[in-house]
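**Q** following is a predicted model, sequence given first.
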Amino acid sequence: MTHEFRGASLHDAVQQAVGRNAPIFEQKKLNNVTQKFDFAARARLGSALIVGEGDISFALALARLKGVTPSCLLATAYENEVDLGNTAYDNAAKLLKLGAQVKTGVDATCLSKPIGQRRFRTIIFQFPNVTSREALYGQNPNHVLVTRFLKSSRAHLKSGGLVVISTVDNPFCEGAFKMDDAAKKAGFEAPDIYTFNPKDYPAYSHQNTADEESAINEHTAFATIGFST
Ligand SMILES: C[S@@+](CC[C@H](N)C(=O)[O-])C[C@H]1O[C@@H](n2cnc3c(N)ncnc32)[C@H](O)[C@@H]1O
């Protein structure tokens, strides 16, 4: 079930709820990739949808970047409102105060239901990850997640729009996500790859799936991948 916060504050929302041309991915060698993806520049172009937000800290960090208009941002979490952790609640409240929109219960693989026909310049999924490790149709479930997300995103991209995904950069993740295959299956061009440094986004704590721990400290290399049609 999807809830959209419409009140002036998160308290209102709770009351509402309870009252009722870079190298292609196959050739990726992070050591040779030096360009960072400029999230601020991208967000300054206009509307951005952020999905799978976990503790909603990346959207908050984005909203605070210089020149970004928070009201252009729609931050979403997969979890329903009642299942959000305290940090996610606090961050959602801060985002709402800045003028951004927040929506919970948004499945990134099925965006039309919660998002309707809205289209965005940029759709972002930071560190997608499913809890299950069981293969789906013989594929890694994270590859399936990303492929379905990309397919679902197509109907919500404006002309010239971009889907952006960041992941840990290591062979294990590369093998799990198979981003180039996912792009092909979903009808996107071969993706562009950039570096990602979480430290550039001070409010961002990169929440692990299913808990409130940060996974950033466990890894040293991260990549941002851009998909266009
Ligand atoms: C490793 S966490 C990253 C959270 C957040 N994006 C960040 O960078 O801190 C993976 C996130 O993917 C979300 N997720 C898993 N399946 C999803 C789906 N089908 N739609 C949207 N989000 C999903 C989980 O709820 C979780 O918050």
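**A** Received it, and whenever you're ready, just let me know what you need.
**Q** residues from the chain in reach of the ligand?
**A** Selection of the chain residues close to the ligand by CB under 6 Å from any ligand atom yields 51-54, 58, 78-79, 107-109, 126-130, 145, 206-209. C-betas here are computed from N, CA, C, even on glycine.
**Q** quick one: residues contacting Ile115.
**A** Neighbour list for Ile115: 49, 74, 106, 156 [criterion: CB atoms under 8 Å, 6 or more residues apart in numbering].
**Q** ok, 7 Å please
**A** Going by CB atoms under 7 Å, 6 or more residues apart in numbering, Ile115 touches His156.
**Q** okay, it and Ala100: tell me how far apart.
**A** 15 Å (CB to CB, to the nearest Å).
**Q** do Gly67 as well
**A** 15 Å.
**Q** comparing these two, which residue is more hemmed in?
**A** When Gly67 and Ala100 are compared for neighbours, Ala100 comes out ahead with 25 against 8, by other CB atoms under 10 Å.
**Q** I'd assumed Ala75 was in contact with that one.
**A** Yes: Ala100 lies in contact with Ala75 (CB atoms under 7 Å); the separation is 6.0 Å.
**Q** what ranges of this structure fall below the confidence cut-off?
**A** Along the chain, segments meeting pLDDT under 70 span 1-32, 207-217.
**Q** looking at it, which strand is longest?
**A** strand 157-168 (DSSP state E).
**Q** how about it: buried residues?
**A** If you call a residue buried by 16 or more other CB atoms under 10 Å, then strand 157-168 has these buried ones: 157, 161-168.
**Q** how many residues are close by Glu189?
**A** Neighbour number of Glu189 under other CB under 10 Å is 12.
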